[in-house]
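Undergrad: take this sequence and fold it.
(chains A and B)
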Amino acid sequence: MKIRIVIPTQRDQTTLNDLEHNYSRISNKNTEISFSFISNGLDLDRPYHEIIPLLPEVVYKIKEAERDGVDGVVVAHYLDFGVAAGRELVSIPVLGSGHTTYRLASVLSRRISIITSVQSHIRPIKNILSAESVLSKVISIKAIKLDQQGKKDISEQWPESLLKLSCSVVESDGSNLIVLALNGFENYSSQINEHLNNIKKRIHVIDPLTVTIKHAENLVNMKLSHSKITYPKPEIREILGYDRLQFK
Amino acid sequence: MVCLDQGSDSVENDFDIALALPNIINKVKQAERDGIQAVINYCMTDLGSQEAREFAAIPVIGPAEASFHYAALLAHKFSILGVIQKDLVFYHRLLKRYNLLDRVASIPILDIPVLDLLAGAPGVLDTCLQSSIKAIQEDGAAAIILGFAGMPKSLNALQGKLKDQGYDIPVINPTFTTLRFAECLIDLDLSYRQ
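TA: Numbering: from 1, shown residues only, chains lettered A, B, ... in the order given. The predicted structure is shown next:
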């Protein structure tokens, strides 16, 4: 089985190698994982309006994956960037790490907290939660605040701030399941889990990409894909620009 | 795989549920003691799944919940093929519980006794095909859930039959989805108890 992970963010080769190593470990033995990323992709913490222009490129990557003979696609972004549009163009299953994870979280808990990196991403996250009918189970959605004027470098502040906010949503908001709606922090879920368990809090901290890869494997195994009634193929017509997305 | 020691031979009403519930909880507790990592409660009413979670830390999964989860991931609206009239009540309760009432297009009832269905009564595939097409055309269904655990093998062909008719939509088989969902939770070290 071949699963393609589309990453709409900037990643250097070392990070990609780490990702490949980590996710090959958690996937099934017969799963071959490949990555596709957008070379001029997003920074980790751009406001929502700045990342919208990259949508067509993500859709192209989904279409390309099907052409490459891949069995399933995962879009590794918690805002499900390009997932709905991509589903209209291909028959293979396409999952976004946002809706997949929020749905699973809602099955497991009624007191979910979502931690994200950017304040302006909270509204689109809420839109996905509403569409998935899971908003009522989410008790807080919080963005990490970094001290821009502080002595510490921003990158150094991340782990500490993430841990602090995770403890806060558990202790103050009463959360018992945390979704890390963050890009580039795939390895942190286990660390936070460990920390919370050490202070006697049995909390699940979910890494969306891991969850979504597992779901993609399941769909391929069960020969299931998205509904072509919900995501019908667009009619063939002329499109201005976007040469690589022309209907042939 | 274990069966209940007491109760009726199929679950078709609240009376059957009342008889099965205590036994299910005992079976789940026993499974956990035996070192089992997850339990599938193989009945589309998800009977006892929530209650059993109070007694066991391992995931206890109901086929309806797992099937709704996958259907909601793949389509904006789904229909559930119920077997008997009482299924309307069961599914209404479950959809309310799982907060998915707004995602259901319809619950067509096949009106076939559960035991006849399990025995592979003739014409089941055709009945399901016709009910599914009606649900798509008249109710707006974009995915179909087979609303019974332990379905006859002939229904594996339903997704292909619908595609032949021009409806390329997922047909969720609770048996497979629940097993896969259980494996997924085990692999991810997740459970309902936090």
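Undergrad: the helices in the chain, which residues?
TA: Just so you know, I chose chain A. Ranges of helices in chain A, per DSSP state H, are A:13-26, A:48-51, A:55-67, A:83-89, A:97-108, A:122-131, A:154-171, A:188-198, A:208-221.
Undergrad: wrong chain, I was asking about chain B
TA: Counting by DSSP H, the helices of chain B are B:14-33, B:49-53, B:63-74, B:86-97, B:114-118, B:124-134, B:158-164, B:174-187.
Undergrad: what residues does chain B have near chain A?
TA: Counting by C-beta under 8 Å from any C-beta of the partner chain, the residues of chain B close to chain A are B:65, B:69-70, B:72-77, B:98-100, B:102-103, B:136, B:141-143, B:159, B:167-170, B:172-173, B:176-177, B:180-181, B:183-184, B:187-188, B:190-194. From N, CA and C alone the C-beta is placed, and that goes for glycine too.
Undergrad: which of those count as buried?
TA: B:65, B:69-70, B:72-77, B:98-100, B:103, B:136, B:141-143, B:159, B:167-170, B:172-173, B:176-177, B:180-181, B:183-184, B:187-188, B:190-192, B:194 (16 or more other C-beta atoms under 10 Å in any protein chain shown).
Undergrad: now the lowest-mean-pLDDT helix or strand in chain B: buried residues?
TA: Ranked by mean pLDDT, DSSP states H and E, the weakest helix or strand in chain B is helix B:114-118, scoring a mean of 77. Residues of helix B:114-118 classed as buried: B:114, B:117-118 (neighbour count, 16+ other C-beta under 10 Å).
Undergrad: do you know how far B:Asp187 is from A:Val107?
TA: 15 Å (C-beta to C-beta, to the nearest Å).
Undergrad: B:Tyr91: which of the helices of chain A is closest?
TA: helix A:97-108 (16.8 Å; C-beta to C-beta).
Undergrad: now for the closest one, which elements pack on it?
TA: strand A:112-116, helix A:122-131, strand A:177-181, strand A:204-206, helix A:208-221, helix B:63-74 (3 or more C-beta pairs under 8 Å, 6 or more residues apart in numbering or on different chains; DSSP states H and E).
Undergrad: what angle separates the first one from helix A:97-108?
TA: Going back to what we said before, that points to strand A:112-116. Angle between the axes of strand A:112-116 and helix A:97-108 is 160 degrees (criterion: axes from the mean of the first three to the mean of the last three C-alpha atoms, to 10 degrees).
Undergrad: now do strand A:112-116, average pLDDT.
TA: The pLDDT scores in strand A:112-116 average 95.
Undergrad: mind saving the C-alpha coords of the least confident helix or strand in chain A by mean pLDDT as CSV?
TA: Using mean pLDDT, DSSP H and E, the weakest-scoring helix or strand in chain A turns out to be helix A:13-26, at a mean of 74. Extracted C-alpha coordinates of helix A:13-26, given in CSV (Å, rounded to 0.1, in the frame of the first residue of the first chain):
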residue,chain,number,x,y,z
GLN,A,13,15.6,17.9,4.0
THR,A,14,16.8,16.8,7.5
THR,A,15,13.3,17.4,8.9
LEU,A,16,11.7,15.4,6.1
ASN,A,17,14.1,12.6,6.7
ASP,A,18,13.1,12.6,10.4
LEU,A,19,9.4,12.6,9.4
GLU,A,20,10.0,9.7,7.0
HIS,A,21,11.8,7.7,9.7
ASN,A,22,9.1,8.4,12.4
TYR,A,23,6.1,7.7,10.2
SER,A,24,7.5,4.6,8.6
ARG,A,25,7.9,3.3,12.1
ILE,A,26,4.2,3.8,13.1
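Undergrad: angle of that helix against helix B:174-187?
TA: Using the same axes, to 10 degrees: helix A:13-26 against helix B:174-187 is 120 degrees.
Undergrad: is helix A:13-26 in proximity to chain B?
TA: Yes: using C-beta under 8 Å from any C-beta, we find that helix A:13-26 touches chain B at A:Ile26.
Undergrad: helices or strands next to that helix in the packing?
TA: Looks like helix A:13-26 contacts strand A:2-9, strand A:32-42, helix A:208-221 (3+ C-beta pairs under 8 Å, 6+ apart).
Undergrad: how about the nearest residue to residue 104, chain neighbours excluded?
TA: Using chain A. A:Val211 (5.6 Å; C-beta to C-beta, 6 or more residues apart in numbering or on different chains).
Undergrad: oops, chain B please
TA: B:Val104 sits nearest to B:Leu95 (C-beta to C-beta, 6+ apart), 5.5 Å away.
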